[in-house]
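I need the structure of the sequence given here:
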Amino acid sequence: MILDKHIILIDDELDVVEAVSEMLELEGFQVSTFTDPNQGLKSLNPSSRSVVLCDVRMPAIDGLTLLSAIQHRAPNVPVLLMSGHGDIPMAIEAMKLGAFDFLEKPLNADEIIDKLNLALTQCQQIQTAQSSSDTAPEIPIEAAIIGQSKSIENIRKQVLALAHTGVDTIINGETGTGKEVIARALHTFSRRKDKPFVAINCGGMTESIIESELFGHEAGSFTSANKKRIGKLEQANGGTLFLDEIESMPIAVQIKLLRVIQERVIERVGGNVLIPIDIVVIAASKADLVKLSESGAFRSDLFYRLNIASLHLPSLQERKEDIQLLFRHFVIQASQKYKTRPSTIYAEQIQQLCRHAWPGNVRELRNVADRFVLGIVGDGFDLQTPITESCSDDFAFEKQMEQYERNVLTEALIETLGNINEVSAKLNLPRKTLYRKMKKHQLDKDNFKTQ
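Purely as a prediction, here's the structure:
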């Protein structure tokens, strides 16, 4: 989540400064402009939470010299360079020396906004990581549970409320909706945050294996038990135990787990010593545990003991307004993971994402982001790269303005899920004008609606 969108714009050409700063301010950025690069440099300090956008070639200083000076004065500030075609070799060399990215003139509005947002996010993540300490404030819950939909905002409120109570909880949701993310948030924002968070997936385990995993065992308790093993329940003492796919847990193990939850004591397999434990249990299921307990496939007494509180996670299809924010977040993560340049995300690609059904939910979206950053095609949904037509210098400005208008319309349609009345009010456009512009840019409101 980008909390501050401050840009330092440096260019010796006043008309470029005015045009770019106006465009960025309309997009919600805070822009400080400088036609003198030395003055722009002086505005920075080691704690600056800004991104520098500057020209490569200026009379007083060149891009490589300015980049070096910024890195010494404010090492955590990302630098994006603007370059004409003849200056691209210098821009590439600057990237090798640590520049975040470069933008070729004439500038593309969609590309510049996208890359500035990526750079701002990276800047703030670095600052947050460096300032983290015992005395540092907790991360905002918006950084742990990402989304702007009403359903996710409600989930965040429930997580904060439940985290303070420390009650056992069941999380319901389809595969890939982020149940472990929510479980970790319940732990992170609780008083147990400094204690262990221990996760175990109950799916596909035999009764003997899962029993040993949960309870541990004493040496010699069975043939291959050469030494004592501490189980997950004991490892989680003082903290949180997360049981994923609990609907897959064998009935015999469910009975033993029920005793642990009721009495907060365990016995290792092959042992006879009662070991007290202090844990919060969070269970997750993609199945309807009520129906399973009614049919006898899941212990009803265990269900009711765990179900002190419950959270239901919506599918990604039910929270389409979060797709863009999540995807950009995953693209940044993937770029850092694979050490690649952040990829430009075009408005057409956002539309493709919103039209997809997402049967694999957030997990599928993350995989698509990874493939997008790596530039590979995998199984399932893949983004198509928009075909951009080249245009002469005479039409460059008109082309950029058309693209900017299309981006503004697309963003508004995404945020309102295709609600024309809300888009009209948000952009202060009469409906007739809005429909004409949507037709011009081939934007269909139905592509942005939750199915």
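
which one is the residue nearest to the spatial centre of the chain nearest to, not counting chain neighbours?
By Cα atoms, centre = their mean, the chain has its centre lying nearest to residue 329, at 3.6 Å. By the measure of Cβ to Cβ, 6 or more residues apart in numbering, the closest residue to residue 329 outside its immediate chain neighbours is residue 146, 5.5 Å from it. C-beta: built from backbone N, CA, C; applies to glycine.

the one you found belongs to a strand?
No: judged by DSSP: H, G, I helix; E, B strand; the rest coil, residue 146 forms no part of a strand; its state is coil.

from residue 71, how far out is it?
30 Å (Cβ to Cβ, to the nearest Å).

same check on residue 60?
From residue 60 to residue 71 the distance is 18 Å (Cβ to Cβ).

those two: which is more packed in?
residue 71 (15 against 11; other Cβ atoms under 10 Å).

Provide a list of residues in contact with the more buried one.
Residue 71 makes contact with 79, 98, according to Cβ atoms under 8 Å, 6 or more residues apart in numbering.

wait, isn't residue 269 in contact with residue 211?
Yes: look at residue 269 against residue 211 with Cβ atoms under 8 Å: they come within range, at 6.2 Å.

that older thread, the residue nearest to residue 329: neighbouring residues, count only.
Residue 146, neighbours per other Cβ under 10 Å, totals 19.

I figured it hits residue 322, correct?
Yes: assessed by Cβ under 8 Å, residue 146 is found in contact with residue 322 at 7.2 Å.

overlap of the contact sets of the two?
With Cβ under 8 Å, 6+ apart as the test, residue 146 and residue 322 both reach residue 152.

any idea how far the closest residue to residue 289 other than its chain neighbours is from residue 192?
For residue 289, ignoring the flanking residues on the chain, the nearest one in space by Cβ to Cβ, 6+ apart is residue 303 at 5.1 Å. Separation of residue 303 from residue 192 (Cβ to Cβ) stands at 24 Å.

mind checking the SS state of residue 302?
helix.

OK, contacts around residue 261?
Counting by Cβ under 8 Å, 6+ apart, residue 261 has contacts 168, 281, 302, 305-306.

now those as CSV including secondary structure and neighbour count?
CSV is the format used below for these (DSSP: H, G, I helix; E, B strand; the rest coil; neighbours: other Cβ atoms under 10 Å):
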residue, secondary structure, neighbour count
168, coil, 18
281, strand, 21
302, helix, 23
305, helix, 15
306, helix, 24
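
out of those, which comes closest to residue 119?
Using Cβ to Cβ, residue 281 is the member of the contacts of residue 261 that sits closest to residue 119, with 41.5 Å.

show me the contacts for the closest one.
Here residue 281 is in contact with 168-169, 240-241, 243, 261, 306 (criterion: Cβ under 8 Å, 6+ apart).

repeat the analysis, applying 7 Å as the threshold.
168, 241, 243, 261, 306 (Cβ atoms under 7 Å, 6 or more residues apart in numbering).

likewise residue 110?
Residue 110 neighbours (Cβ under 7 Å, 6+ apart): 346-347, 403, 407.

secondary structure element for it?
If you go by DSSP states H and E, residue 110 is part of helix 109-131.

can you check residue 95 too?
helix 88-96.

quick check: residue 162 touching residue 189?
No: contact criterion Cβ atoms under 7 Å: residue 162 and residue 189 do not qualify, at 9.1 Å.

where does residue 424 land in three-state SS?
The local conformation at residue 424, judged by three-state DSSP, is helix.

ok, residue 186 next?
Residue 186 - assigned by three-state DSSP - is helix.

and if you look at residue 340?
coil.

next: the one 5 residues further on.
Remark: residue 345 carries the secondary structure label coil [criterion: three-state DSSP].

number of residues surrounding it?
23.

quick one: contacts for it?
Counted by Cβ under 7 Å, 6+ apart, residue 345 has contacts 114, 328, 331.

can you tell me which of those residues has the most neighbours?
Using other Cβ under 10 Å as the neighbour criterion, residue 331 leads those with 23 neighbours.

where does that residue fall, secondary structure wise?
Element membership of residue 331, judged by DSSP H and E, is helix 323-338.

list of residues touching that helix?
With Cβ under 7 Å, 6+ apart, helix 323-338 has contacts from 117-118, 121-122, 146-148, 316, 341-343, 345, 350, 353-354, 362, 365-366, 369-370, 372-374, 414.

try 8 Å
1, 117-118, 121-122, 125, 146-148, 316, 340-343, 345, 350, 353-354, 358, 362, 365-366, 368-370, 372-374, 414.

buried ones from those, can you make that a ChimeraX selection?
Paste this into ChimeraX to select the buried members of the contacts of helix 323-338, with burial taken from 16 or more other Cβ atoms under 10 Å:
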select :117,118,121,122,146,147,316,342,343,345,350,353,354,358,362,365,366,368,369,370,372,373,414
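
hey, where'd the strands end up in the protein?
6-10, 30-34, 50-55, 79-83, 101-104, 169-172, 197-201, 216-217, 229-230, 240-244, 265-266, 275-276, 280-285, 309-312 (DSSP state E).

now the first one: buried residues?
For strand 6-10, the neighbour count (16+ other Cβ under 10 Å) marks 7-10 as buried.

again, but for the last one
Judged by neighbour count using 16+ other Cβ under 10 Å, the buried positions of strand 309-312 are 309, 311.

and what of the third one?
Going by neighbour count (16+ other Cβ under 10 Å), the buried part of strand 50-55 is 50-55.

which stretches of the stretch 151-300 of the chain form helices?
Taking DSSP state H, counting those that start in this stretch, the helices of the stretch 151-300 of the chain run over residues 179-188, 207-215, 232-235, 251-263, 289-295, 300-306.

lowest average confidence across those helices, which one?
Lowest mean pLDDT within the helices of the stretch 151-300 of the chain: helix 207-215, at a mean of 89.

domain map for the chain?
The chain is divided into the following domains under automatic domain parsing: 1-138, 150-313, 393-448.

my guess is residue 381 meets residue 369, correct?
No: Residue 381 lies out of contact with residue 369 (Cβ under 8 Å); the separation is 11.3 Å.

could you pull up the mean pLDDT of stretch 31-49?
84.

just the buried positions in it, please.
Quick answer for stretch 31-49 (16+ other Cβ under 10 Å): 31, 33-35, 37, 40-41, 44, 48-49.

could I get these as TSV with distance to residue 206?
Listed next are the buried residues of stretch 31-49 as TSV, based on distance: Cβ to Cβ, whole Å:
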residue	distance to residue 206
31	61
33	66
34	67
35	71
37	67
40	65
41	65
44	60
48	56
49	52
